[in-house]
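>>> mind folding the following:
(one chain, ligands or ions: 2)
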Amino acid sequence: MISQEANKTMTFEDFKTEVLNDYKIAITSRECSLLGRKEVLTGKAKFGIFGDGKEVPQLAMAKVFKNGDFRSGYYRDKTFMMAIGELNIQQFFAGLYGHTDLNHDPMSAGRQMGGHFSTHSLDQNGNWKDLTIQKNSSADISPTAAQMPRLLGLAQASKIYRNVDVLPKKNNFSNNGNEIAWGTIGNASTSEGVFLETINAAGVLQVPMVISVWDDEYGISVHARHQTTKENISEILKGFQRDENSNGYEILNVFGWDYPALIETYQKAEQIATEEHVPVLIHVQELTQPQGHSTSGSHERYKSQERLSWETEFDCLAQLRTWMMANNIATLEEINGIDAGIKKEVLEGKKAAWNAFVEPVKQEQLELVAILENIANASPNRVFVQKYTNDLKSIKEPSRKDILIAARKVLRIIVGENSQSLLANWIKNYTNKIQPKFSSHLFSQSNKNVFSVEEVSATYDDNSEEVDARLIIRDNFDAIFSKYPETLIFGEDTGNIGDVNQGLEGMQEKYGELRVADVGIREATIIGQGIGMAMRGLRPIAEIQYLDYLLYAIQIMSDDLATLQYRTHGKQKAPLIIRTRGHRLEGIWHSGSPMGMIINAVRGIHVLVPRNMTKAAGFYNTLLEADEPALVIECLNGYRLKEKMPTNLGKFKTPIGVVETIKSGSDITLVSYGSTVRLVEQAAKELLEIGIDCEVIDVQSLLPFDVSHDIKKSIVNTNRLLIIDEDVPGGASAYILHEIIDVQNSYKYLDSKPQTLTAQPHRPSYGTDGDYFSKPSVEDIYEKVYSMMNESNPEKYPALF
Ligand SMILES: Cc1ncc(C[n+]2csc(CCOP(=O)(O)OP(=O)(O)O)c2C)c(N)n1
Ligand SMILES: [Mg+2]
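Residues are numbered from 1 along each chain as shown. Ligands and ions are numbered 1, 2, ... in the order given. Here you go, the predicted model:
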């Protein structure tokens with residue numbers, strides 16, 4: 001499509017059919033938005049955010065969107081999803097209602113509010129489908145502009161597939177890197193830092209990425225004059241425009257109501273991005289939002305009368321109708337006929353979606369009502385049971401919450417009666433059946449999850465020497481890059497010098513600048529590169545230079561990476577490895593260990609805290625055989641320590657979720673991880689000299705945590721527990737305590753209060769003394785253990801202080 005000049009063989013009839021088809025998609029989308037709003041206002045759906053006023057540019061984008069391409073966009077893109085055939089009327093309403101069946105709401109099985117679009121990259125077993133024969137949308141998230149970092153990675157994957165020789169030119173993810181990553185973003189969201197960070201990074205990387213800014217001059221109620229310098233994003237990005245002398249962007253401008261101009265613009269963008277791998281920004285201006293931002297609130301409150309009447313006139317659908325009539329595509333009568341037919345279709349689709357949504361729940365309601373009636377008949381508390389039963393029965397369109405509330409309330413009344421166990425079992429079975437609809441797939445449920453990888457110990461021979469530990473990391477990466485062509489690593493100072501600790505020394509020379517790459521100082525988009533590339537079958541290792549700087553990336557990790565499997569009900573994955581280094585070294589921003597914050601922000605990502613480089617290398621080897629994302633934190637002060645060089649580099653595997661007992665003992669269990677383990681080992685040695693025999697356990701993996709409950713087994717023997725952690729008080733130590741006491745139920749075996757020894761509540765101070773007075777020391781550990789032993793046997797261990 002579409003200019004007839006461009007396609008001489010296209011007859012006017014073909015042309016007309018195509019335009020009418022476009023119009024039908026747009027009007028279907030609009031009707032869904034209008035009816036969707038009503039569904040929320042009448043209480044059938046909870047919240048609605050639609051794409052009305054932004055339909056026409058999406059038709060143009062869909063026309064040039066090929067199989068294999070990826071979208072990374074936001075909640076206005078319903079028309080696009082309909083136009084590429086990935087969303088129909090019934091599915092739209094299923095999403096609005098929150099239908100928990102993926103067959104009805106393929107976007108998220110009811111987990112996300114409507115307007116968050118996605119396609120399925122994985123089959124029912126969690127294995128990759130052939131993404132080159134389908135149109136792909138990475139799963140949307142709500143934080144504005146957070147779709148941008150991932151977009152960068154989706155685009156970069158094409159560049160990698162096209163240019164890295166060791167990769168096949170055609171596979172399930174790419175056909176010679178011809179795929180474009182298409183981004184969409186609202187005008188106001190371009191104010192976010194990650195938008196500008198992505199723009200700069202894509203300009204540097206020169207990747208096939210086309211960003212459309214849907215500009216309606218507002219971000220909810222806030223006008224462009226408060227959002228954007230000069231109120232015009234393409235104007236202020238002009239410096240990014242490429243010219244004869246330098247790389248950059250192609251920046252295009254178009255009005256969102258101008259159907260033929262939009263089609264031409266998108267054709268041009270597609271060509272530049274595919275052929276030249278140059279990023280393109282399309283500023284789509286003069287869009288409208290006829291129903292206001294969302295179902296909460298109305299735009300009449302903040303738009304002037306003048307603006308509102310301009311929006312009516314320049315509504316892109318109104319403009320498209322005028323254009324169709326002016327170009328003899330359809331008469332007003334024909335258009336009205338189409339509109340009426342589609343209105344009916346949408347209404348029918350809505351009804352079908354609603355019935356499909358409520359029917360199974362009604363069946364469950366009937367099932368419980370029958371059980372409760374039987375219970376009531378035999379119960380001395382019949383009046384009360386009957387009341388709950390009648391209340392439940394009278395609900396015309398029940399939720400599962402209504403059902404469970406009734407059952408659980410009745411259970412309390414019938415304690416001790418014959419029917420108690422019947423109802424209790426019904427509740428348990430029902431919950432077991434329903435709970436996964438809301439809680440499955442936080443992690444991979446495929447047969448490639450981390451638990452499917454078997455441990456392989458590091459092996460040594462007579463020639464194995466003690467070396468600087470960084471060499472183990474380096475040589476293991478060497479083995480990884482030669483074994484897995486789809487691996488690549490990138491970060492600040494990662495390429496040319498081989499990372500700040502030389503764990504990648506010489507790797508860029510050996511594997512090239514695309515696979516071992518330096519990147520700008522921009523942590524959020526480093527993670528985004530990793531997410532996007534991992535979603536397209538590569539195995540990226542994204543390096544964050546120091547753990548302290550992970551905070552710049554934590555939002556993307558938390559909102560995007562950690563939720564990906566969950567929010568798609570297991571239909572997308574990004575097995576990204578994030579490599580960083582941290583814990584104690586020097587000063588406030590090179591020795592933090594904010595593990596409590598991290599583990600609580602990234603449920604859905606594994607968090608691994610190896611105490612040495614052999615363990616760390618083993619984690620990388622494990623992760624590359626699994627299909628899950630993980631963060632590996634190497635010990636910043638461990639690179640120059642000596643470790644023995646294993647003989648099976650690239651092959652030994654550290655198990656995930658398994659603790660290691662590194663010293664057995666009978667008096668007390670000491671639990672720690674990372675750099676602190678070495679101090680604990682030293683303290684344990686000194687304590688043994690006075691007869692206190694500590695068992696020392698290295699957690700190794702904070703998420704998942706000690707899946708076989710080995711710490712409890714230790715406490716059964718020692719009856720005492722001390723957790724040593726260099727995070728703030730109540731940080732990771734509180735989490736570890738919760739796991740051991742609450743989850744593992746170890747409190748039963750304790751003879752004294754379980755305790756934690758942590759860092760000070762402030763950031764670590766600089767220098768040797770700064771460290772000593774900020775973080776737990778060997779003496780702190782010794783004295784803490786001693787005081788616990790003193791409490792139990794003051795005669796044997798008289799007080800030190
Ligand atoms: C990080 C973040 N801050 C605030 C919000 C709430 N919010 C949702 S949409 C929106 C306005 C976005 O405006 P714009 O980007 O112009 O898109 P439009 O809705 O106008 O298409 C805001 C502030 C959010 N979702 N995420
Ligand atoms: Mg806007």
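
>>> pLDDT weak spots in the stretch 701-801 of the chain?
Applying pLDDT under 70 to the stretch 701-801 of the chain picks out no residues at all.

>>> how about the helices in it?
For the stretch 701-801 of the chain, applying DSSP state H, counting those that start in this stretch gives helices covering 710-718, 732-737, 767-774, 778-792.

>>> just so I know, which of those lies nearest L800?
Checking the helices of the stretch 701-801 of the chain against L800 by Cβ to Cβ gives helix 778-792 as the closest, at 6.1 Å. The way it works is simple: take the backbone N, C-alpha and C, and place the C-beta from them, glycine included.

>>> go through that closest one and flag the buried ones.
Within helix 778-792, the residues scored as buried using 16 or more other Cβ atoms under 10 Å are V778, D780, I781, Y782, E783, K784, V785, Y786, M788, M789, N790.

>>> may I see the residues you listed organised as CSV, with distance to ligand 2 added?
Output for the buried residues of helix 778-792, formatted as CSV (distance: Cβ to the ion, whole Å):
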residue, distance to ligand 2
V778, 58
D780, 54
I781, 56
Y782, 61
E783, 60
K784, 56
V785, 60
Y786, 63
M788, 60
M789, 65
N790, 66
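
>>> go through the helix or strand containing K401 and flag the buried ones.
Per DSSP states H and E: K401 is located in helix 400-413. With burial defined by 16+ other Cβ under 10 Å, the residues of helix 400-413 counted as buried are R400, D402, I403, L404, A406, A407, V410, L411, I413.

>>> do the same with stretch 330-342
Buried residues in stretch 330-342 (16+ other Cβ under 10 Å): A330, I335, I338, D339, I342.

>>> what's the burial count for Q156?
32 (other Cβ atoms under 10 Å).

>>> and it, its phi and psi?
With angles defined as degrees, to the nearest 10, Q156 sits at phi -60, psi -30.

>>> touching, it and G532? I think so.
Yes. In terms of Cβ atoms under 8 Å, Q156 counts as a neighbour of G532; the distance is 6.5 Å.

>>> got the contact list for the nearest residue to L122 once chain neighbours are set aside?
Nearest non-adjacent residue to L122, counting by Cβ to Cβ, 6 or more residues apart in numbering: K571, 5.4 Å away. With contact set as Cβ atoms under 8 Å, 6 or more residues apart in numbering, K571 has these partners: L102, P106, S118, T119, H120, S121, L122, A139.

>>> look up how far S138 lies from K571.
As judged by Cβ to Cβ, to the nearest Å, K571 and S138 stand 11 Å apart.

>>> which neighbours do these two have in common?
With Cβ under 8 Å, 6+ apart as the test, K571 and S138 both reach S118.

>>> contact partners for A318?
Taking Cβ under 8 Å, 6+ apart, we find A318 in contact with W257, T312.

>>> if I look at it, how far off is M324?
Distance, A318 to M324, using Cβ to Cβ: 11 Å.

>>> what pLDDT does the residue of the stretch 251-400 of the chain found nearest ligand 2 get?
Using Cβ to the ion, the closest approach of the stretch 251-400 of the chain to ligand 2 is made by Q289 at 7.1 Å. Predicted confidence (pLDDT) for Q289: 96.

>>> helix/strand/coil for it?
Following DSSP: H, G, I helix; E, B strand; the rest coil, we place Q289 in the coil state.

>>> run a quick neighbour tally on D22.
Under the criterion other Cβ under 10 Å, the count of neighbours that D22 has is 25.

>>> with Y747 instead?
Residues lying near Y747 (other Cβ under 10 Å) number 13.

>>> again with M209
Neighbours of M209 (other Cβ under 10 Å): 34.

>>> same check, this time on I527
Other residues near I527 number 30, with proximity taken as other Cβ under 10 Å.

>>> what sits against it?
Contacts for I527 (Cβ under 8 Å, 6+ apart) come out as P149, A542, I544, A553, I556, M557, D560, L561, L576, I578.

>>> do the same with L623
V450, P575, I577, H606, A630, V632, I656.

>>> relative to ligand 2, which of these is nearest.
Set against ligand 2, the nearest of the contacts of L623 by Cβ to the ion is P575 (34.2 Å).

>>> wait, the closest one sits on T622?
No. If you go by Cβ under 8 Å, P575 and T622 don't touch, sitting 11.8 Å apart.

>>> returning to that earlier point: can you say which of the contacts of K571 are buried?
L102, P106, S118, T119, H120, S121, L122, A139.

>>> in terms of helices and strands, where is the last one?
Here A139 is covered by no helix or strand, with elements defined by DSSP H and E.

>>> so it sits against S108, correct?
Yes. With contact defined as Cβ under 8 Å, A139 reaches S108; the gap is 7.1 Å.

>>> hey, what's in contact with both of those two?
H116, S118, R567, T568.

>>> circling back: taking the contacts of I527 one by one, which sit in strands?
The strands, defined by DSSP state E, take in A542, I544, I578 from the contacts of I527.

>>> make a markdown table from these and add distance to ligand 2 to it.
As requested, these are arranged in a markdown table below (distance: Cβ to the ion, whole Å):
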| residue | distance to ligand 2 |
| --- | --- |
| A542 | 31 |
| I544 | 32 |
| I578 | 32 |
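
>>> from those, pick the one nearest L366.
Distances from L366 to these, taken by Cβ to Cβ, are shortest for I578, at 49.1 Å.

>>> what sits opposite that closest one in the beta ladder?
A542, L631 (DSSP bridges).

>>> who's in contact with it?
Counting by Cβ under 8 Å, 6+ apart, I578 has contacts 527, 530, 541-544, 553, 557, 605, 629-632.

>>> ok, back up a step: of the helices of the stretch 701-801 of the chain, which is nearest L702?
Closest to L702 of the helices of the stretch 701-801 of the chain is helix 732-737 (Cβ to Cβ; 6.6 Å).

>>> that closest one packs against which elements?
In terms of contacts (3 or more Cβ pairs under 8 Å, 6 or more residues apart in numbering; DSSP states H and E), helix 732-737 is packed against helix 595-601, strand 701-703, strand 721-724, strand 755-757.

>>> now those as CSV including mean neighbour count and distance to ligand 2?
Formatted as CSV, the helices and strands packed on helix 732-737 follow (neighbours: other Cβ atoms under 10 Å; distance: least, Cβ to the ion, whole Å):
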stretch, mean neighbour count, distance to ligand 2
helix 595-601, 21, 28
strand 701-703, 24, 37
strand 721-724, 26, 49
strand 755-757, 20, 48
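
>>> could I get those as CSV with distance to F773?
Below are those laid out as CSV (distance: least, Cβ to Cβ, whole Å):
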stretch, distance to F773
helix 595-601, 20
strand 701-703, 26
strand 721-724, 16
strand 755-757, 14
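
>>> and of the ones you listed, who's closest to ligand 1?
Ranking the helices and strands packed on helix 732-737 by proximity to ligand 1 (Cβ to the nearest ligand atom) places helix 595-601 first, at 15.1 Å.

>>> ok so, going back, nearest to ligand 1 among the shared contacts of A139 and S108?
H116 (11.1 Å).

>>> was I right to think that closest one contacts D140?
Yes. At 4.1 Å, H116 and D140 qualify as touching, with contact defined as Cβ under 8 Å.

>>> joint contacts of these two?
With Cβ under 8 Å, 6+ apart, H116 and D140 have common neighbours Y75.

>>> where in the chain is pLDDT low?
In the predicted model of the chain, residues 1-8 satisfy pLDDT under 70.
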